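Student: here are the coordinates; sequence isn't available:
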């Protein structure tokens, strides 16, 4: 079963987008156009973007997509066979985090940033279930820049849910979502502009 883009324009933070086994809430745009443009431009220039690295078949490869990892202290975070050490918060990230925490009524101690230069860059199916993350804790995803289609797929019955993430929007994943669902950012030739995604997380301390 494919739900398609049924939820593409949904922005009711009280409505769970997933039909079962998890919780995903789309808050819609939480930063107006001027705020979102400002944050996008500042982050493009102040963040020390690095090509992401992942381990495949025993080899470390670099991706075109770039990443950064920030937090309240030098957390170590390991995914795709590669360990990252968090950089300190920037004033911009702290400002964004404050708004996200007010909206979600949840606190976060770290943030993984992804820079997609255009629609040719995406993310394969995966779950954010690394042992460093606090199990069941909310993950807050902020989108800045180009609108992109985002997909969820149930691990057992393969049911899919799709949503379009707007510039300045907030999506929250929590509960059992990572245990039962995968998500991805599919590549597309229709998008020629860059996108920055910030996922605020809670590392176990």
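Tutor: Yep, that arrived. Here the structure is a predicted model, which means the values were calculated and not measured. Residues are numbered from 1 along each chain as shown.

Student: Could you verify that residue 42 is part of a helix?
Tutor: Yes: remark: residue 42 belongs to a helix, assigned using DSSP: H, G, I helix; E, B strand; the rest coil.

Student: Thought residue 92 was touching it, still the case?
Tutor: Yes: assessed by Cβ atoms under 8 Å, residue 42 is found in contact with residue 92 at 5.0 Å. All C-beta spots, glycine's among them, are computed from the backbone N, C-alpha and C.

Student: quick one, which of these two is more surrounded?
Tutor: Taking other Cβ atoms under 10 Å, residue 42 and residue 92 do not tie; residue 42 has more neighbours (17 against 14).

Student: and the gap between that one and residue 205?
Tutor: Distance, residue 42 to residue 205, using Cβ to Cβ, to the nearest Å: 28 Å.

Student: Please point out which parts of stretch 28-36 sit buried.
Tutor: For stretch 28-36, a neighbour-count test (16 or more other Cβ atoms under 10 Å) marks 30-31, 35-36 as buried.

Student: Now do that stretch: distance to the chain's middle.
Tutor: Chain-centre distance of stretch 28-36: 16 Å, with Cα atoms, centre = their mean, to the nearest Å.

Student: Of the buried residues of stretch 28-36, which is the nearest to residue 14?
Tutor: Using Cβ to Cβ, residue 30 comes nearest to residue 14 of those, at 14.7 Å.

Student: Residues in contact with the longest strand anywhere in the chain: which ones?
Tutor: Using DSSP state E, we find that the single longest strand of the chain is strand 59-71. With Cβ atoms under 8 Å, 6 or more residues apart in numbering as the test, strand 59-71 has contacts from 47-55, 75, 77, 81-82, 84-90, 93, 109-117, 120-123, 203.

Student: Where do the helices of this structure begin and end?
Tutor: Ranges of helices in the chain, per DSSP state H, are 33-46, 91-104, 177-180.
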